[in-house]
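Visitor: I'd like to go over a predicted model; first the sequence, then the structure.
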Amino acid sequence: MCYKMKFNNKENERIILPDGRIIWLSRACAVVITVWCIVENTPYLLLGKRGCGCPDEVGKWNLPCGYLDWDETLSEAAEREVFEETGVDIRSVQQGRGDTIINNHMNYPWKISSSINGRKNTKQNISHHFALVYKADELAELSTAHCEPDEVSDLKWITQDEINDFDYAFNHLEVIWEFLDKGKVLL
């Protein structure tokens, strides 16, 4: 007996380039990074505000995030996105430049999500969630000098008590609380 199974998928789109090469348009692979810096026993979370150059969610706050580029690993994409959007060099933190790492989820994601969760999400990204919690004598200086024009309009280190005071893009508020609720060590 032969039967055909039914799946709830939309096939990737096949594109033939003028030189005959075939490429496939498919779901995008994204990275989302939760960065906490602990100074004098107070944890601070790194946030950016989406600027007018963003395609959506302009004016809302988010964790550093972005898409995987060609020829880079997921953790390299996470490091790059944090640096481009905030000026914070988490690679040097991981290499032990004097800061103390408390929780390092930069070599493997603490969460991978691909569900839409009932939201009107037309992007359907596959998001890999990374995190770094470290202690330092002072908060890293923030800068938008390395990001795309108008991608980020403001940057902040916020305390845990301030988390609910911001209007977040995407599902980043839920991601922050899920990270904390899963018992990820801050202190």
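Guide: Structure received.

Visitor: Which strands and helices lie in contact with the longest helix along the chain?
Guide: Longest helix in the chain by number of residues (criterion: DSSP state H): helix 74-86. Applying 3 or more Cβ pairs under 8 Å, 6 or more residues apart in numbering; DSSP states H and E, we find helix 74-86 packed against strand 29-39, strand 42-50, strand 65-67, helix 90-94, strand 126-135, strand 152-159. All C-beta atoms are positioned from the backbone trio N, CA, C, and that covers glycine.

Visitor: Mean pLDDT lowest where, among those?
Guide: Of all those, the minimum mean pLDDT falls on helix 90-94 (a mean of 82).

Visitor: relative to strand 29-39, how tilted is the worst-scoring helix or strand of the chain on mean pLDDT?
Guide: Least confident helix or strand of the chain, by mean pLDDT, DSSP states H and E, is strand 100-105 with a mean of 78. Computed by axes from the mean of the first three to the mean of the last three Cα atoms, to 10 degrees, the angle separating strand 100-105 from strand 29-39 equals 160 degrees.

Visitor: Double-check His172 against Asn62; I have them as touching.
Guide: Yes. Here His172 reaches Asn62: they are 4.9 Å apart, a contact under Cβ atoms under 8 Å.

Visitor: For those two, indicate the residue with more neighbours.
Guide: Asn62 (22 against 19; other Cβ atoms under 10 Å).

Visitor: low-confidence ranges in the chain?
Guide: Scanning the chain for pLDDT under 70 picks out the ranges 1-11, 96-99, 115-123, 183-187.
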